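Peer 1: quick check, what structure comes out for this input:
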Amino acid sequence: MRAVSALGRFLYDFVVGDDWTVAAGVAVALVVVYLLAHNGVAAWWLLPLVVAGGLAASLLRATGGGGRRRGPG
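Peer 2: So this is what the prediction gives:
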């Protein structure tokens, strides 16, 4: 039972990591892509866009906004 618990903790940390919003965005995108594909729409391109957007948003939050900062003087 300890191995199952350890595997669950590992998977949670691996998938969610430091930013749960990226994992949630990917999960929502997977559902949307599935629903679109199930209805005959070619939506394969949506998932890479969501992943790239989530990564960019996560990096902007982690680095403090991404704007140019003026140095002293």
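Peer 1: mind checking the SS state of Ala37?
Peer 2: Recorded secondary structure, Ala37: helix (DSSP: H, G, I helix; E, B strand; the rest coil).
Peer 1: neighbours around Ala29, how many?
Peer 2: Using other C-beta atoms under 10 Å, Ala29 has 19 other residues around it. Where C-beta positions appear, they are placed from N, C-alpha and C, glycine not excepted.
Peer 1: that should have said Ala43, apologies.
Peer 2: Close neighbours of Ala43, defined as other C-beta under 10 Å, add up to 16.
Peer 1: pretty sure it sits against Leu36.
Peer 2: Yes - using C-beta atoms under 8 Å, Ala43 makes contact with Leu36 at a distance of 3.8 Å.
Peer 1: shared neighbours, the two?
Peer 2: Common contacts of Ala43 and Leu36, defined by C-beta atoms under 8 Å, 6 or more residues apart in numbering, are absent altogether.
Peer 1: what lies in contact with the strand or helix carrying Phe10?
Peer 2: If you go by DSSP states H and E, Phe10 is part of helix 2-16. The contact list for helix 2-16 (C-beta under 8 Å, 6+ apart) reads Ala23.
Peer 1: which parts of that helix count as buried, going by neighbours?
Peer 2: Judged by neighbour count (16 or more other C-beta atoms under 10 Å), helix 2-16 contains no buried residues.
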